[in-house]
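>>> sequence-free structure coming up:
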């Protein structure tokens, strides 16, 4: 059997996993998150990692994972983990994209900065979504002050799994859409300073096709994989799904269903209507 890639989708309710080569899918499975109520009252780091382990175990019954050449990730966005290395996994706070906190902060930020200012720093007008990182992190700061002060890094679920696999903190700009500048793959420090958000609490950013980290020896033994295979950063599940659907070119329309639904079109220019979500799509 030729080498293949393990693709992992970290969704809202479950993890989906496939083994695929250039000829198509070799094996596939999914694993739902446990019903254990973690500190946030729903799925969090313990459930995510447990489902990941179950998915890899099931894949190993379908194919020889020793042939895997790499792992690549994508994941839900708007869900955040307040990571503190001094806390156990079950004690970490995770807030879902479906939670409502942040409307006051969103209104304040959008009244303070014009769309052109947002475009300069985050490559798009800021939409009417409290799950975007700016309003949500300002809400953490204002309403979870004790935990916010102790937080070493704010991680997306995919970022947390990446850390568990590699021991490295890393993310991509598309998973931080709404705070990262998508043109230069960075968090703008002057913008963060204006917002009162410390850059030290954000993970380093890499392009989706980069693999700064590699599978640890312990995880290789645990999952029956080759030691040191690259783990690719990947991107948000929305963009990954568009790529999988073959949505590449201007004028193409899509209707993507799941826990939430996305209906849209690839355009040649930025829309300033903030009732829409419009921003750069993988260049």
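The structure has been received and is ready for your questions. Note that this is a predicted model, so its numbers are computed, not measured.
>>> what's the spacing between residue 266 and residue 257?
According to Cβ to Cβ, to the nearest Å, residue 266 and residue 257 sit 18 Å apart. Quick note: C-beta positions are derived from backbone N, CA and C, even for glycine.
>>> neighbour count winner among the two?
Neighbour count, other Cβ atoms under 10 Å: between residue 266 and residue 257, residue 266 has more, with 14 against 9.
>>> thinking that one is in contact with residue 245, fair?
No - counting by Cβ atoms under 8 Å, residue 245 is not a contact partner of residue 266; they are 11.3 Å apart.
>>> what about residue 150, neighbour count?
Residue crowding around residue 150 was assessed by other Cβ under 10 Å; the count is 14.
>>> nearest residue to it other than its sequence neighbours?
Leaving out its chain neighbours, the residue that sits closest to residue 150 by Cβ to Cβ, 6 or more residues apart in numbering is residue 84, at 5.0 Å.
>>> same thing with residue 4?
Beyond its immediate neighbours in the sequence, the residue positioned closest to residue 4 (Cβ to Cβ, 6+ apart) is residue 21, lying 4.2 Å away.
>>> any idea how far residue 252 is from the one you found?
Computed with Cβ to Cβ, the distance linking residue 21 and residue 252 is 26 Å.
>>> So residue 30 is in contact with residue 15, correct?
Yes - the criterion here is Cβ under 8 Å, and residue 30 meets it with residue 15 at 6.5 Å.
>>> Between these two, which contacts overlap?
Residues touching both residue 30 and residue 15 (Cβ atoms under 8 Å, 6 or more residues apart in numbering) are residue 55.
>>> of the two, who's got more company?
residue 15 (26 against 16).
>>> Shouldn't the more buried one be within a strand?
Yes - counting by DSSP: H, G, I helix; E, B strand; the rest coil, one finds residue 15 located in a strand.
>>> Next up, the contacts around it.
Going by Cβ under 8 Å, 6+ apart, residue 15 touches 8-9, 30-31, 33, 48, 51-52, 54-55.
>>> And for residue 216?
Going by Cβ under 8 Å, 6+ apart, residue 216 touches 165-167.
>>> cool, and residue 11?
Counting by Cβ under 8 Å, 6+ apart, residue 11 makes contact with 75-76, 237, 258-259.
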